[in-house]
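>>> coords below, sequence missing:
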């Protein structure tokens, strides 16, 4: 059995050593530079904005300068700056997410994370997608905020392990910025962002021929904002649209296949594709005289993709249309309450067009034709309140509570059971896919939170107890297999405790947090292909983020996480006992260091080291990926007041590595990391 070397037993000891060090730093009066940092606003925690230093839980803020420097071709390059966050890159624009968690997969894997754009969830509650960040305007973002652990009372279902919040440019000063860049395998991207006193416009268009054979994508994103005002209301209206046309590559298989030259660029599934479109309309209304905010919104998504990873390679078509309303009223500086409403109409179809190839069992249980065809109407209603209680001049307590109710009305448009779409029986006891009778399901959840905040000079200490939840996703309830014709699962819940400290001075900015979490009723597909909710897991770790100015030309930034994610019982994920084992795809150590050098006012360079530690690739902990270390080099040269050239060299040392390693059906399989790649571009800012 493999043994992973890092140990977390002295976790709390290390935490108190770090805490003691940062608290021993001078607590000088707040300087002008510190005042600027105090004014940096984060909006994820309460939708309205508060100073980052005042937030009562861990939040990473990736600002406009960092976003521009990274020039991410995939959102995982940005997330690499957040301690405890790993956006695991798949092929093209696909991804899986880990925030204070292992990389979560499966129908409900995305349900553990809330993805927001300008405070609005990217997808309706109950209808997430593991790749949904490609429906965000991350390329056009002005700020990215990543909140770790359960959300606040302002967040509902899915704010379980963490939140990714994409904030986009808003109307303001008259500015225009246009960039054009190119890279390997015919990569090209154009971006344009313009802001005006009452409007903002942003667009990006990307073409990537793909490192792998027959695997590339074209993607376009559009953002329009308009500001209006009347005697009683101020409003900001937004349209956001995305389109993705992707030729997809699957895993390559074999021991250390990512190191084998002849396999690196091979695509075992050249027929695979994914087409996805999304549209969002948001209108944020703020009353001129009352502390009242009302935000109605509309969402539409549509996706088609070949399920190349399944026998028979069926085609999935899914989508939803939803209307929602967020509201908030501040009764005082200490108390605010809100009501959130949402209604959704969704559909899913799965159809197989080619004969199944494989064993007699597979051929006999995976027929041609439709496997699923259903619609779901969902309603969500929630009420929440948050109260800040000043205890002393430096100590305060925050209390929050959210109650949320979701109802799914499921309508099966085919014959129920395990038959073919024409009603005939499959062999071997029935077809694999089982369609339950039309039904209604509902779930009610409470999410409490208690937090303390203490100001100690330029240091801010915080502690919180919180509980997050996620209702089952529609696919977990109605996309059944085998002999399971009725599912009996409930919402997942996660109890968390966090202790942290953050601070800012003219030279140093830092955040340190220790956490422990326990998740109950973890939903998964067991070894009999049944969706069950009897999993239990534990998670604890230490996260450090810091940025230190060495002098006027050099500064260094660090983000690092030490964590342990373990099974806390013996769910039927494996044929052997796994209690106490590491959850698969959960490195115990990962992070990065960035060295920024500005030799002259017109030149800016960054050298980045990204480390991903060893992790197990199966629940039995009998197979592991060694991890990897990558170097990235970035630079910008100002040619004039308006023109700037920039470059990026990713994987500078040309390391063989896997973006994701997995172990299934007795074989190792990998998404291959790209070799050394050079990107060059030009930017005009006015």
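Okay, I see it. Owing to the predicted nature of the structure, the values given are computational and were not obtained by experimental measurement. Residues are numbered from 1 along each chain as shown.
>>> which residues sit against stretch 224-240?
Stretch 224-240 has contacts (Cβ atoms under 8 Å, 6 or more residues apart in numbering) with 117-118, 137, 168-171, 197-201, 221-223, 278-289. Every C-beta, even on glycine, is put in place using the N, C-alpha and C of the backbone.
>>> which ones are touching residue 89?
74, 76, 95, 659-660, 671.
>>> thinking again about what came up before, report the buried members of the contacts of stretch 224-240.
Neighbour counting by 16 or more other Cβ atoms under 10 Å classes 117-118, 137, 168-169, 171, 200-201, 221-223, 278-282, 284-286 among these as buried.
>>> can you tell me which of those are in helices?
For the buried ones among the contacts of stretch 224-240, not one is inside helices, with DSSP state H as the criterion.
>>> Note down every partner strand of the helix or strand where residue 465 lies and its orientation.
For residue 465, the host element (DSSP states H and E) is strand 459-470. The strands beside strand 459-470 in its sheet (DSSP bridges) come out as strand 439-456 (antiparallel), strand 492-504 (antiparallel).
>>> Scan the helices and strands of the chain for the one with the lowest mean pLDDT.
Least confident helix or strand of the chain, by mean pLDDT, DSSP states H and E, is helix 32-38 with a mean of 42.
>>> any residues touching whatever helix or strand comes next after that one, and which ones?
Downstream of helix 32-38, the next assigned helix or strand under DSSP H and E is strand 41-42. Strand 41-42 has contacts (Cβ under 8 Å, 6+ apart) with 49-52, 55, 59, 61, 145.
>>> Those, buried ones only, as a PyMOL selection?
Applying 16+ other Cβ under 10 Å to the contacts of strand 41-42 leaves a buried subset, and the PyMOL line that selects it is:
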select buried, resi 52+55+59+61+145
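>>> Could you single out the nearest of the contacts of strand 41-42 to residue 246?
Lowest distance from residue 246 to these (Cβ to Cβ) belongs to residue 145, with 27.1 Å.
>>> Wasn't that closest one part of a strand?
Yes - under DSSP: H, G, I helix; E, B strand; the rest coil, residue 145 falls within a strand.
>>> Quickly find the element holding the residue lying farthest from the centre of the chain.
Distance from the C-alpha centroid of the chain, by Cα atoms, centre = their mean, peaks at residue 424 (42.0 Å). Using DSSP H and E, residue 424 maps to neither a helix nor a strand.
>>> how close does it sit to residue 418?
As judged by Cβ to Cβ, to the nearest Å, residue 424 and residue 418 stand 11 Å apart.
>>> ok, back up a step: now tell me what touches the helix or strand just after the strand holding residue 465 from outside.
Sequence-wise, the next helix or strand downstream of strand 459-470 (DSSP H and E) is helix 474-478. For helix 474-478, contacts defined as Cβ under 8 Å, 6+ apart pick out 107-108, 126-127, 346, 348, 372, 374, 376, 378, 408, 410, 412, 435-436, 441, 487, 489, 523, 531.
>>> Which of the residues in the strand holding residue 465 are classified as buried?
Neighbour-count burial for strand 459-470 [16+ other Cβ under 10 Å]: 459-464, 466-470.
>>> Dump those residues into CSV; add distance to residue 90 as well.
Listed next are the buried residues of strand 459-470 as CSV, based on distance: Cβ to Cβ, whole Å:
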residue, distance to residue 90
459, 40
460, 38
461, 39
462, 35
463, 37
464, 33
466, 30
467, 31
468, 25
469, 27
470, 22
